Every structure is written in structure tokens, then in C-alpha cells.
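Asker: give me a model of this one.
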Amino acid sequence: MHRFSDPQRRSDVPPPTAARVGRIATGQYGVVHRTQLAAHGIAPRTIDRWLASGRLLKLHPGVYAVGHAAFPDLAPVMAAVLATARWDRDHGTHRGAAASHTAAAVLLDVRDRGRRGGTVHVTTETRRTARGVIVHHTRRLDPADVTTIRGVPVTTFARTAIDLAEMLEPHWLERTLERAAVKRVLDESALQSAMDRHAGRRGIGPLRAALATGRHLDPQTCDSVLEELFLNLIRRAERPGLPHPQMQRTVRLSGGERFRVDALWRALRVVVELDSRWHDPAGARLRDRARDRALRRDGYLVYRFRYADVVQRPGWVVATVRSLLAEAAYRRVA
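Answerer: Alright, predicted model coming up:
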């Protein structure tokens, strides 16, 4: 009897070559490594023929995209990890490398891709490099410092925080800790253990200083880069310091209306709204005016800043906020 006619033996038959490649690539965002192809029985000459025909597209030495270069977002990160990892023949997988620094922060959802998050950073135990990738070499990547997110090896938040502390300004590091608290990936016990393991790193001091501010204990949630910029601007204002706002809070008016506002000084009844560069002037302006009128009727001082104000005229923004808060305080006394 022909072996394909026996259903009990079909699992012993190797799948077609294309199916084998597809199976590998599907779990890795369309990216494969040459050693993986070889481990699945694909001959070197076949791999070279696919490269010549465009069936495989070279991303890094030994790392290929299958079929086309229209990658999912995580494909460049996976490719960078594969390019810098070592092949573990016993387990049939790549080890010793993980996405790190801002790339890890984006995967952990504690930083936005727009602020240097698009650059791929990898930490690896090997001496390999990859074009267009910032590679950080280490003698040992502790298993306690590595996790997996959506199939991609990535440094844990604790290790990522130490890495970021060596490259971020203090206020952005504090905001990263706050966002990690909001996303529930900040584990202070794990962070302390990581700092103990990496006691000699120069990021330990800045990280301890950021934790000492305690801002992660009452974290503020920002829904846009503009809100992040505004919050940091107020926090960094020269002395005498300004009271810090609460971000993305709900205000309930006496008439029963509820509004979510960008920045709120609740005790002083001051609201600041932040209009991004993409704020729709046609659809949003009327709604904004109606909302502002309702807030003012209930005794709130309301002011709006544009993206250009915060970025190009930060001193004027701080002075305006200071004036608003002073007026609100005078009203309370009067």
C-alpha cells in the first residue's frame, strides 16, 4: 500500500518545503533565520536559489523575510533578535538575545514609538552586529531579565528600566515609571532584585532617584505626546514651583454633565485643554466651545493650549498657567 494512503502514517511524511518555511515564518512575523531553514531540512543550495529569485529577501546576514518586504510592526524587531542571537542546536531555537532599551519599552507599552521608540535596540551575549540596529553586548543575559511578548524575546521591565536610566533625562525616566505603574508592569520587588544584580551599572543611581520622587505611587495618565510634554513642562517650571495637575480626569458638573479633561487642578477649579496638531477644527471646535461654556458656568477657569504653544512657547505656557492658578486662588479667598 502507498504510504500516503495510511492515515496513521501521514504525520511521518515531511510537509512540503513551502509549508515548512511558512510554518516557521508565521510565528516570527514573516522572518526566518538560515539555521532554522537548515534545521528543517532545507538544503543550502535551495536557500541560495530562493534568495536569487526573490523568494527570500535578506534583512541581515542569515536573516530573511519570506516573500515580500511589507512587514508587520514587529518584524524588524524579531529580525534584529534573530540576527544577534546564537543558535541552540539542542533545543532548536535562538537564545542569548532580546529586544531592549526603547524597543523593549515600546513592546512593554511604557513608551510611545514616536520618542526614539522606533529604533531597534538589542542586548546580546554574542559579538554579532546588525545593520540599522543598536546592539548592546553583555557577557551574560540573565534569564530573570528576559521575557517574551507576542513571541518576541524582550528584556523585562526591571532590566529595561535600568537600561533606560542610562539614556533618558530624569523627567522622562520618571514618566516611564509612572506609565509602567498604570500598565501594571512595575514590580518594585523585581526592580530591586534587578538593581542588585546590576549594582555596577551607571543607571542605578538615576533610577533610584526617579523612584525616590514617588510619582509612580500616584501615576498620571496621559493620552498623547502633547499631554506628556505639558505635564513635564509644568513639573520642571522654575521656582516657585507650580502645583502639578491631574491628567485625564473626569469632572462632574452641577447639572449632571460629565467631561473628561486633559489637565485638572480640582481644588482650584482650573481646567487646561490641549489641542494637538491633528485637532479637527471643523468637527471639534463647536463641541469644544459648548464644553468650555458648561465648565465656565460651573465656576471653572478653562484655557486651551495648542501643540505649537507647548513646544515653541513653553515659557509663555508656564506663565499663563501660573496666572490662571493665581486668579483661581484669589477667587477662592474673595
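
Asker: drop to CA atoms for contacts and neighbour counts, all remaining ones
Answerer: Noted.

Asker: any idea how far the residue lying closest to residue 254 once chain neighbours are set aside lies from residue 329?
Answerer: Leaving aside its chain neighbours, residue 254 sits nearest to residue 298 (6.9 Å; criterion: Cα to Cα, 6 or more residues apart in numbering). According to Cα to Cα, to the nearest Å, residue 298 and residue 329 sit 16 Å apart.

Asker: same check, this time on residue 99
Answerer: Between residue 99 and residue 329 the computed distance is 49 Å (Cα to Cα).

Asker: what about those two, which has more around it?
Answerer: Using other Cα atoms under 10 Å, the more surrounded residue of residue 99 and residue 329 is residue 99, with 30 against 15.

Asker: show me what that one is bridged to.
Answerer: Note on residue 99: beta-bridge partners by DSSP bridges are residue 122, residue 154.

Asker: hang on, it packs against residue 133?
Answerer: No: Residue 99 is beyond contact range of residue 133, at 10.3 Å (criterion: Cα atoms under 8 Å).

Asker: which stretches in the stretch 201-334 of the chain count as helices?
Answerer: Here the stretch 201-334 of the chain has its helices, by DSSP state H, counting those that start in this stretch, at 204-212, 225-235, 281-297, 307-312, 314-333.

Asker: next one: the stretch 51-200 of the chain
Answerer: Under DSSP H, counting those that start in this stretch, the stretch 51-200 of the chain gives helices at 75-84, 101-107, 157-165, 170-182, 188-197.

Asker: looking at those, spot the one closest to residue 271.
Answerer: Among those, the nearest to residue 271 by Cα to Cα is helix 170-182 (21.3 Å).

Asker: okay, the angle between the closest one and helix 204-212?
Answerer: Put simply, helix 170-182 runs at 60 degrees to helix 204-212, going by axes from the mean of the first three to the mean of the last three Cα atoms, to 10 degrees.

Asker: tell me which of the helices of the stretch 201-334 of the chain sits nearest to residue 56.
Answerer: helix 225-235 (37.8 Å).

Asker: what's the angle from the closest one to helix 314-333?
Answerer: 70 degrees.

Asker: other SSEs contacting helix 225-235?
Answerer: Secondary-structure packing of helix 225-235 (3 or more Cα pairs under 8 Å, 6 or more residues apart in numbering; DSSP states H and E): helix 307-312, helix 314-333.

Asker: now do the domain split for the chain, please.
Answerer: Per automatic domain parsing, the structural domains of the chain span 71-217, 225-333.

Asker: tell me which of those domains lies nearest to residue 50.
Answerer: Residue 50 sits nearest to domain 71-217 of all these, at 18.1 Å, using Cα to Cα.

Asker: where does pLDDT dip in the chain?
Answerer: Within the chain, the stretches with pLDDT under 70 are 1-16, 69-71, 113-118, 238-239, 277-283, 334.

Asker: pick out the residue nearest the middle of the protein.
Answerer: Among the residues of the chain, the one closest to the centroid is residue 106, at 1.8 Å (Cα atoms, centre = their mean).

Asker: point out the most buried one among the helices of the stretch 201-334 of the chain.
Answerer: Comparing the helices of the stretch 201-334 of the chain by mean neighbour count (mean count of other Cα atoms under 10 Å), helix 225-235 comes out on top with a mean of 19.

Asker: so who does residue 185 touch?
Answerer: Contacts for residue 185 (Cα atoms under 8 Å, 6 or more residues apart in numbering) come out as 108, 157.

Asker: can you do 10 Å?
Answerer: Residue 185 sits next to 108, 109, 110, 156, 157, 158, 177, 179 when contact means Cα atoms under 10 Å, 6 or more residues apart in numbering.

Asker: residue 63 versus residue 18, what's the distance?
Answerer: Counting by Cα to Cα - residue 18 and residue 63 are separated by 17 Å.

Asker: who has more neighbours, the two?
Answerer: Each of residue 18 and residue 63 has its neighbours counted (other Cα under 10 Å); residue 63 has more, 23 against 9.

Asker: that one reaches residue 34, doesn't it?
Answerer: Yes: counting by Cα atoms under 10 Å, residue 63 touches residue 34, with 6.3 Å between them.

Asker: shared neighbours of those two, anything?
Answerer: 82, 83.

Asker: in three-state terms, label the residue lying closest to residue 74 once chain neighbours are set aside for me.
Answerer: Closest residue to residue 74 apart from its sequence neighbours, by Cα to Cα, 6+ apart: residue 29 at 6.6 Å. Classification of residue 29 using DSSP: H, G, I helix; E, B strand; the rest coil returns coil.

Asker: pretty sure residue 29 contacts residue 68?
Answerer: No: counting by Cα under 10 Å, residue 29 does not reach residue 68; the two are 11.6 Å apart.

Asker: which of these two has more neighbours?
Answerer: Taking other Cα under 10 Å, residue 29 and residue 68 do not tie; residue 29 has more neighbours (21 against 12).

Asker: OK, contacts around the more buried one?
Answerer: Residue 29 makes contact with 65-66, 71-79, 151-152, according to Cα under 10 Å, 6+ apart.

Asker: can you rerun that using 7 Å?
Answerer: 72, 74, 75 (Cα atoms under 7 Å, 6 or more residues apart in numbering).
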